[in-house]
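Peer 1: got a predicted model here, sequence first, then my questions.
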Amino acid sequence: MSKQENERNRLQDEFDQIQSENGEFDISKHLAKPEDLPDLGEIEIYDYDADLTVSSQQSIDVLESLVDLYLSDVPQLKEHPYIRNKMKEDAMVYAESIFLSKMTRKNFLSQLRQIDNGDNSARMHEVVNQTIGQIRENAKFSSTQRTELEKFYKGLRKDLGLNDDIESPDVQKATQQASDNKPDDEMGDVMDNRKLNDMIKAALIKDKDKGVDKKE
């Protein structure tokens, strides 16, 4: 028998001996029991669709209150198709900003928990600082967007020849009561839809001409 075969037989004998000595080894006795493990709680799957729905509703509430603030004294203008469509489009964009802000904050909290669990690498702290910067940018964008929307409706009131001051509900009620007590010939012209469309069209053309002048 060759030397190689002898070595192979020796290793096989040792392996058989180890198996025979540990044949009754019960590994379950050396594993942790469920009751010995810490309570990790239930694993929750984040509902992104629900968060999108909430963001959309928040955005619609903001835009509706904004339109109501600036145009409540002109019901015809408030219900104009252009204003309604613009409000919906603005609400969609604003909803995206709200949702992104929520997701950035969620990501930021996950990063902080990761650091609390022992990940103190320089790269992790760099990521946290970048996320903080993104949170600031999100807040700045949302604030700028609201300001631009307010400027639009303020400018629209001015271009349509409406009062610059936004009347409170009490003032509107008093004005309405005064109008109701006036004879029909003293109430002045009532704004019909055709006149309202012409005024909006003229205001939009005026804004467009202003944009061209700025570029030149």
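Peer 2: Sure thing, it's come through. Since the model is a prediction, treat every value here as computed from it, not as a measurement.
Peer 1: so Tyr94 sits right up against Val62, yeah?
Peer 2: Yes - assessed by Cβ atoms under 8 Å, Tyr94 is found in contact with Val62 at 6.5 Å. To be clear about C-beta, it is placed using only N, CA and C from the backbone, and glycine gets the same treatment.
Peer 1: residues shared between the contacts of those two?
Peer 2: Applying Cβ atoms under 8 Å, 6 or more residues apart in numbering, one finds that Tyr94 and Val62 are jointly contacted by Arg146.
Peer 1: neighbour count: these two, which is higher?
Peer 2: Higher neighbour count among Tyr94 and Val62: Tyr94, with 22 against 18, using other Cβ atoms under 10 Å.
Peer 1: residue contacts, that one?
Peer 2: Under the criterion of Cβ under 8 Å, 6+ apart, the contact list for Tyr94 reads 59, 62-63, 142, 145-146.
Peer 1: of those, keep whichever come out buried.
Peer 2: 59, 62-63, 142 (16 or more other Cβ atoms under 10 Å).
Peer 1: just to revisit the earlier point, need the contacts of Tyr94 in TSV (columns: pLDDT and secondary structure).
Peer 2: Formatted as TSV, these follow (pLDDT from 0 to 100; DSSP: H, G, I helix; E, B strand; the rest coil):
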residue	pLDDT	secondary structure
Ser59	93	helix
Val62	91	helix
Leu63	92	helix
Ser142	90	helix
Gln145	91	helix
Arg146	89	helix
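Peer 1: could you export the residues you listed as a markdown table, including distance to Lys86?
Peer 2: Shown next, in a markdown table, are those (distance: Cβ to Cβ, whole Å):
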| residue | distance to Lys86 |
| --- | --- |
| Ser59 | 13 |
| Val62 | 14 |
| Leu63 | 9 |
| Ser142 | 18 |
| Gln145 | 14 |
| Arg146 | 15 |
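Peer 1: quick one: which of the residues you listed is nearest Lys3?
Peer 2: Closest to Lys3 out of the contacts of Tyr94 is Ser142 (80.5 Å), distances taken as Cβ to Cβ.
Peer 1: can I get the helix or strand harbouring Gln58 in CSV, CA atoms only?
Peer 2: Following DSSP states H and E, the helix or strand that holds Gln58 is helix 48-71. Extracted in CSV, the C-alpha atoms of helix 48-71 (Å, rounded to 0.1, in the frame of the first residue of the first chain):
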residue,chain,number,x,y,z
TYR,A,48,-46.1,54.7,1.2
ASP,A,49,-49.4,54.9,-0.6
ALA,A,50,-51.1,56.0,2.6
ASP,A,51,-48.5,58.7,3.1
LEU,A,52,-49.0,59.9,-0.5
THR,A,53,-52.7,60.2,0.1
VAL,A,54,-52.1,62.2,3.3
SER,A,55,-49.7,64.5,1.5
SER,A,56,-52.1,65.0,-1.4
GLN,A,57,-54.9,65.9,1.0
GLN,A,58,-52.7,68.3,2.9
SER,A,59,-51.7,70.0,-0.3
ILE,A,60,-55.3,70.3,-1.5
ASP,A,61,-56.3,71.9,1.9
VAL,A,62,-53.5,74.5,1.6
LEU,A,63,-54.3,75.4,-2.0
GLU,A,64,-58.1,75.6,-1.3
SER,A,65,-57.5,77.8,1.7
LEU,A,66,-55.1,80.0,-0.3
VAL,A,67,-57.6,80.4,-3.2
ASP,A,68,-60.4,81.1,-0.7
LEU,A,69,-58.3,83.7,1.0
TYR,A,70,-57.6,85.7,-2.1
LEU,A,71,-60.7,85.1,-4.2
